[in-house]
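Q: How does the following fold in three dimensions:
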Amino acid sequence: MKFTTKELCLTALFTALVFVMTFVPKIPIPLGYAHLGNAAVFLSVIMLDRHKGAVAGSLGSALADLIGGFTIWILPTLVIKYVMAMIFASCCGKTDHSGIAVNGKTLAALFGACLWMVIAYTLAGAALYGSLAAGLASLPGLAMEGLMNAVVFLALAKPLQKIRL
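A: Predicted structure coming up:
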C-alpha cells in the first residue's frame, strides 16, 4: 500500500482521532472498557478509503490499549479492528466521498462489523483469560458498545462527508 504525503498525514490524523475517541470516554465493562472509537474507525473508512481507514482504526485502537495499560489486547485489537473496518467497507460498498446513505446496505455493514467485533473480542477474552465464562462476561457490554458506536457514526457521517480532504 502506497501513501502520498497527504494520505500519510490524513491517516495519522484519523489514527489520532480513533485513539482519542477510544481512550477518553472509557465506560468500564468486564475485561476492559467500552468507548466511541469504533465510530471513528467507521468514519475513517468513509473519509479516507477502506485500507487507510482500516490502518488508522487498528493503529489508533491499539495505541489506546498500549497507553491505557491493556497491553495484552494490542495484538488482538490490531487484527480485530482491521477486519472490522474491512467488513464495514466491503458491505458498505464504494466509499469515494460521494456520500453514505442511511439505508439497508449501510445498516447491514454496521451490523456485520459490530457483530464481528463482539464475537472476536469475546473469543479473544476467553483465550487471553483461559475461560469462556470470562469472555462471555464482556459480551453484553461489547454489544452495547457496538450499538452506541453505530448510532454515533450515523449521526456524524452525513455532516462530516461534506468536508473534502
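Q: Can you name the residues that contact L8?
A: If you count contacts by C-beta atoms under 8 Å, 6 or more residues apart in numbering, L8 has none. Heads up, the C-betas are built off the backbone N, CA and C, glycines and all.
Q: could you say which helix or strand contains it?
A: helix 5-23 (DSSP states H and E).
Q: Now V24. Nearest residue, chain neighbours left out?
A: H35 (7.9 Å; C-beta to C-beta, 6 or more residues apart in numbering).
Q: Report how many residues lie close to the one you found.
A: Other residues lying near H35 total 24 when counted by other C-beta atoms under 10 Å.
Q: now do L10
A: L10: 19 neighbours (other C-beta under 10 Å).
Q: Use 14 as the first number from now on
A: OK, 14 is where the count begins now, so the last one is L23.
Q: per-residue pLDDT, it?
A: Note on L23: pLDDT of 96.
Q: who's in contact with stretch 63-78?
A: 14, 16, 20, 23-25, 27-32, 35-36, 48, 50, 53-54, 57-61, 83-84, 86-87, 90-92, 94-95, 97-99, 102-103, 108.
Q: Likewise for stretch 118-132?
A: Against stretch 118-132 from outside (C-beta under 8 Å, 6+ apart): 51, 55, 93-94, 96-98, 100-106, 113, 152, 155-156, 159-160, 162-163, 166-167.
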